[in-house]
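*Asks:* Give me a 3D structure for the following:
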Amino acid sequence: MASEVKAGDLLEGRYRILDTLGAGGMGTVYLAEHNLIKRRVAIKILHPELAIDANVVERFMNEARAAGTLGHPNIVESTDMGFTHEHVPYIVFEHLEGTLLTDEIYRVGGFSVRRSLWIAQQIASALHAAHNAGVIHRDLKSDNVFLTDRDEMLDHVKVLDFGISRFSQLSESDHKMVMGTPEYLAPEAITRPEAIDGRADIYALGVILYEMLAARRPFPSQDGDPKALLHRIVHDTPEPLNVPELPPALHDILFGKLLAKDPDERFPTMIEVESALDKFVTEKPTPMRRNRPQKTIDPFSVRPGTRTPVPVPVAARRRSWMPYGIAIGGVVIGLIGLIIGLTREPPATPCDCGDPKANVRSSH
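*Replies:* Alright, predicted model coming up:
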């Protein structure tokens with residue numbers, strides 16, 4: 001097995017490893033410095049044991065291609081890529097300082113309508129650029145949105161982790177998989193994963209907007225049962241929002257045009273999402289400096305002393321802020337029986353038989 005990179009190592013004569021920022025299921029992220037120009041960067045190196053899996057390497061390269069070619073101010077920038085001396089691929093990203101959107105939402109207990117709209121518009125702009133380039137993110141979530149400062153402006157968005165993005169046609173194996181993070185999955189991503197398009201990202205943006213306003217997700221994972229969660233996403237209606245300042249028309253857009261079960265009822269494109277949200281923006285946020293800590297935090301520890309009025313969901317506690325997502329981040333669920341079961345209405349009485357499809361149908 002290939003050895004791990006360590007502080008002091010020099011990658012291809014260009015990047016000096018300074019420190020480890022964190023690790024996840026797909027790779028390890030390091031703080032590094034260009035050996036000549038002394039610019040600090042974040043380097044994501046695929047786990048050596050995964051470098052022999054062609055499908056994993058392809059998804060890793062997807063992230064580099066998306067971040068390196070889209071060229072949008074709200075998408076994390078990839079500036080280089082290469083291979084370690086043991087032929088393990090790595091991606092070089094801009095080094096960001098700030099916080100994950102997830103952490104900020106639950107730190108302050110939800111955002112104002114104005115702040116939520118400002119962030120949602122930037123996400124929509126980033127995904128509009130991606131969709132125009134034929135890229136569907138497929139794992140858009142608050143854990144893959146980073147808030148930083150730019151030109152004195154608070155909450156400049158960077159969309160992260162295009163690791164499972166789709167550039168063209170799905171592979172044969174992908175046709176059989178539900179890919180993404182369950183709480184943000186569009187219903188059709190569960191029932192018809194082969195048919196998803198950019199409207200699945202529009203649904204996920206609706207989940208993020210709901211989450212920013214309510215400090216909870218439309219369908220939170222309550223008991224760790226993915227079958228029950230996916231069943232609720234397909235069949236149930238999200239809890240109404242209790243946000244007095246939310247304009248009724250914006251409420252209707254959120255529930256009727258972003259979180260609609262039927263993709264045909266959603267906005268067809270992200271540019272239309274941007275335009276619809278812009279009608280509710282009376283002014284841009286006032287330029288100001290972020291007044292929260294921006295130091296590196298152990299990504300696998302509970303952060304003592306953090307003001308958290310609302311409990312952070314389990315998924316959000318997995319890591320603190322990073323330059324971008326470390327792992328594929330999503331859950332890949334290859335259960336064809338589960339998908340079939342979710343397309344049917346549950347029976348009136350639960351079935352306690354051993355058929356997994358029946359169990360899914362009765363999980364509601």
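
*Asks:* hey, where'd the helices end up in the stretch 101-250 of the chain?
*Replies:* For the stretch 101-250 of the chain, the helices defined by DSSP state H, counting those that start in this stretch cover 101-108, 113-132, 187-191, 198-214, 226-235, 248-253.

*Asks:* Distance to Asp151, mean neighbour count and mean pLDDT for the ones you listed - can I get that in TSV?
*Replies:* Just so you know, the C-beta spots here come from the backbone N, C-alpha and C atoms, and that holds for glycine as well. Listed next are these as TSV, based on distance: least, Cβ to Cβ, whole Å; neighbours: other Cβ atoms under 10 Å; pLDDT from 0 to 100:
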stretch	distance to Asp151	mean neighbour count	mean pLDDT
helix 101-108	19	23	96
helix 113-132	14	22	95
helix 187-191	36	21	94
helix 198-214	23	25	97
helix 226-235	38	20	93
helix 248-253	28	14	97
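
*Asks:* would you turn these into CSV with distance to Gly71?
*Replies:* Below are these laid out as CSV (distance: least, Cβ to Cβ, whole Å):
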stretch, distance to Gly71
helix 101-108, 22
helix 113-132, 8
helix 187-191, 27
helix 198-214, 18
helix 226-235, 33
helix 248-253, 29
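
*Asks:* To Pro220, which of these lies closest?
*Replies:* Closest of the helices of the stretch 101-250 of the chain to Pro220 is helix 226-235, at 8.2 Å (criterion: Cβ to Cβ).

*Asks:* Against which helices or strands is the closest one packed?
*Replies:* If contacts are counted by 3 or more Cβ pairs under 8 Å, 6 or more residues apart in numbering; DSSP states H and E, helix 226-235 sits against helix 187-191, strand 331-333, helix 336-342, helix 356-361.

*Asks:* how about a cut-off of 7 Å?
*Replies:* helix 187-191, helix 336-342 (3 or more Cβ pairs under 7 Å, 6 or more residues apart in numbering; DSSP states H and E).

*Asks:* what about the protein, any weak spots by pLDDT?
*Replies:* For the chain, the stretches with pLDDT under 70 are 1-3, 163-179, 283-364.

*Asks:* quick one on the thing from earlier: out of the helices of the stretch 101-250 of the chain, which comes closest to Asn144?
*Replies:* Shortest separation from Asn144 across the helices of the stretch 101-250 of the chain is recorded for helix 101-108, at 8.3 Å, computed as Cβ to Cβ.

*Asks:* Using CSV, list the CA coordinates for that closest one.
*Replies:* Included here for helix 101-108 are C-alpha records, laid out as CSV according to Å, rounded to 0.1, in the frame of the first residue of the first chain:
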residue,chain,number,x,y,z
LEU,A,101,-23.1,27.1,5.6
THR,A,102,-24.3,24.2,7.8
ASP,A,103,-22.2,25.3,10.7
GLU,A,104,-23.4,28.9,10.4
ILE,A,105,-27.1,28.1,10.1
TYR,A,106,-27.1,26.1,13.4
ARG,A,107,-24.7,28.5,15.1
VAL,A,108,-27.1,31.3,14.9
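
*Asks:* for that helix, the distance to its chain's centre please.
*Replies:* Helix 101-108 sits 14 Å away from the centroid of its parent chain (Cα atoms, centre = their mean, to the nearest Å).

*Asks:* Relative to Ile91, which of the helices of the stretch 101-250 of the chain is closest?
*Replies:* helix 113-132 (16.9 Å).

*Asks:* Next, the angle from the closest one to helix 101-108.
*Replies:* 170 degrees (axes from the mean of the first three to the mean of the last three Cα atoms, to 10 degrees).

*Asks:* tell me which strands and helices helix 113-132 is in contact with?
*Replies:* strand 153-159, helix 198-214, helix 270-278.

*Asks:* can you rerun that using 8 Å?
*Replies:* Right, helix 113-132 is packed against strand 145-150, strand 153-159, helix 198-214, helix 270-278 by 3+ Cβ pairs under 8 Å, 6+ apart.

*Asks:* need the ones you listed in TSV with distance to Asp252, can you?
*Replies:* Below are the helices and strands packed on helix 113-132 laid out as TSV (distance: least, Cβ to Cβ, whole Å):
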stretch	distance to Asp252
strand 145-150	24
strand 153-159	24
helix 198-214	12
helix 270-278	10
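
*Asks:* Gly109 is nearest to which of these?
*Replies:* For the helices and strands packed on helix 113-132, the distance to Gly109 is smallest for helix 198-214, at 9.8 Å, taking Cβ to Cβ.

*Asks:* Which helix or which strand is home to Met81?
*Replies:* strand 78-83 (DSSP states H and E).

*Asks:* Report the strands that pair with the helix or strand following that strand, each with its relative direction.
*Replies:* Moving toward the C-terminus from strand 78-83, the next helix or strand (DSSP H and E) is strand 89-94. Paired strands of strand 89-94, with direction, are strand 40-46 (antiparallel), strand 78-83 (antiparallel) (DSSP bridges).

*Asks:* Would you mind extracting the C-alpha trace of the last one into PDB?
*Replies:* These are the backbone C-alpha positions of strand 78-83, laid out as PDB (Å, rounded to 0.1, in the frame of the first residue of the first chain):
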ATOM      1  CA  SER A  78      -9.100  24.300  -8.900                       C
ATOM      2  CA  THR A  79      -5.800  25.600 -10.100                       C
ATOM      3  CA  ASP A  80      -3.800  22.400 -10.700                       C
ATOM      4  CA  MET A  81      -3.800  18.600 -10.400                       C
ATOM      5  CA  GLY A  82      -1.100  15.900 -10.600                       C
ATOM      6  CA  PHE A  83       0.100  12.700  -9.100                       C
END
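
*Asks:* Thanks again, I'm all set now.
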